[in-house]
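Undergrad: One predicted model, sequence on top.
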Amino acid sequence: MKNKISIAIIIIALATSCQKEVTLKQLPYDAKLSIECLITPNQIPKVYLNKTVPYLTGAALNSTFFARNANITITSGASTISFSPDSIFNLFQCDYIYFYKGNATIIANTSYKLNVLFEGKNYVAECTTNQPIVSIDNVSYVKVFKDLYGEHEGVVLQYNDPSTSGQYYRYEMHRWADSTAYRTNGGKSPCLNGATIRTVEIGRTIYTDQNSNGQNSTITFEPAYKHKADDTTYVQLQTMDKNSFDYYDQLDRQKLAQFNPFVEPSYLKPTQFKDAFGCFGAYSISDSILFVYPE
């Protein structure tokens, strides 16, 4: 028994003696811009403009990332949409969301150019609002479906893909949430305090019609918020352009690489913008369909 105790003491002593506190020196960091602007007809555009920060920065408020004092315009022919800084307080996130808001609405079947001037550099991209409106045929529910991230409950959208190729889709869901609601990948909001707010849930994954052109198709997604039976939602289908798909597909691949050690690492790279991340894309949106959770 004494020998066992002696061995245990030696092991503990060796383990503690190997511990050493190391201070990591912060290397010089060159911040890059993240530019996200998705436009759709009859709506006022918003540009989300943020700066990247060093990996070891830790948790920070959204104001830390917001790129202030930028000059932003969207032009089409002789018309110009100008932008000014704005923000809204998100009760669920308990933080402000910062963006630049335009002063006019977007027009369908029109080509636009985005110009961002920030700290002496210009960032330019183009897109066209010519996406067809694809209607939702039906919305249903499944208790379990599987994807690359595991098993989830799912909401299923059914629609008929147009015969022209090159369509990309993602869902949009509107619902009311109170202090009992919480996100599937997080907890409840400490800021609601009994208030009821309207939430807008937009899928990050964009689905392509590459293998389903002109066919009856479905999108199955895990809702972002937990729910109760008879909770009411309104679902819409966004039809995106390739600019949007290229960018969000990168984000999906990066997320998958972070959660799955057997997947090749994926890193974001500039696509439309030189020396900046993000996209300037266009989409159309369907009429909303009522969906009530059955359980």
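TA: On my side now, so go ahead. Residues are numbered from 1 along each chain as shown.

Undergrad: which of the residues in the helix or strand harbouring residue 291 are buried?
TA: Element membership for residue 291, per DSSP states H and E: strand 289-292. For strand 289-292, the neighbour count (16 or more other Cβ atoms under 10 Å) marks 289, 291 as buried. Quick note: C-beta positions are derived from backbone N, CA and C, even for glycine.

Undergrad: and if you look at stretch 104-113?
TA: Of all the residues in stretch 104-113, those buried under the rule 16+ other Cβ under 10 Å are 106, 110, 112.

Undergrad: could you dump these to TSV with secondary structure and pLDDT?
TA: Formatted as TSV, the buried residues of stretch 104-113 follow (DSSP: H, G, I helix; E, B strand; the rest coil; pLDDT from 0 to 100):
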residue	secondary structure	pLDDT
106	coil	98
110	coil	97
112	strand	98
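
Undergrad: Packing partners of the strand holding residue 291?
TA: strand 136-147, strand 232-240 (3 or more Cβ pairs under 8 Å, 6 or more residues apart in numbering; DSSP states H and E).

Undergrad: any idea how far the residue nearest to residue 171 when sequence neighbours are not counted lies from residue 74?
TA: In this structure, residue 171 finds its nearest non-sequential neighbour in residue 203, 4.6 Å apart by Cβ to Cβ, 6 or more residues apart in numbering. Here the criterion is Cβ to Cβ, to the nearest Å. By it, residue 203 lies 25 Å from residue 74.

Undergrad: among the helices and strands packed on strand 289-292, which is the most enclosed?
TA: Sort those by mean neighbour count, taking mean count of other Cβ atoms under 10 Å, and strand 232-240 sits at the top with a mean of 20.

Undergrad: low-confidence ranges in the protein?
TA: Within the chain, the segments meeting pLDDT under 70 span 1-20, 23-26, 55-56, 58, 148-149, 179-188, 256-270.

Undergrad: which residue is nearest the middle of it?
TA: The structure's the chain has its C-alpha centroid closest to residue 204; by Cα atoms, centre = their mean the separation is 4.5 Å.

Undergrad: close enough to count as contact, that one and residue 251?
TA: Yes. Counting by Cβ atoms under 8 Å, residue 204 does reach residue 251; the two are 6.3 Å apart.

Undergrad: tell me the contacts of residue 131?
TA: 167, 239, 240, 241, 282, 283, 284 (Cβ atoms under 8 Å, 6 or more residues apart in numbering).

Undergrad: Would you convert the helices and strands packed on strand 289-292 into a markdown table that also reports distance to residue 294?
TA: Shown next, in a markdown table, are these (distance: least, Cβ to Cβ, whole Å):
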| stretch | distance to residue 294 |
| --- | --- |
| strand 136-147 | 6 |
| strand 232-240 | 12 |
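
Undergrad: give the contact list for residue 124.
TA: Residues counted as contacts of residue 124 (Cβ under 8 Å, 6+ apart) are 113, 114, 115, 116, 273.

Undergrad: 7 Å instead?
TA: Each residue near residue 124 by Cβ atoms under 7 Å, 6 or more residues apart in numbering is listed here: 113, 114, 115.

Undergrad: Helix or strand for the second one, just tell me which one.
TA: With elements delineated by DSSP H and E, residue 114 resides in strand 111-118, which encompasses its position.

Undergrad: and that strand, what does it pack onto?
TA: strand 33-39, strand 71-76, strand 121-128 (3 or more Cβ pairs under 7 Å, 6 or more residues apart in numbering; DSSP states H and E).
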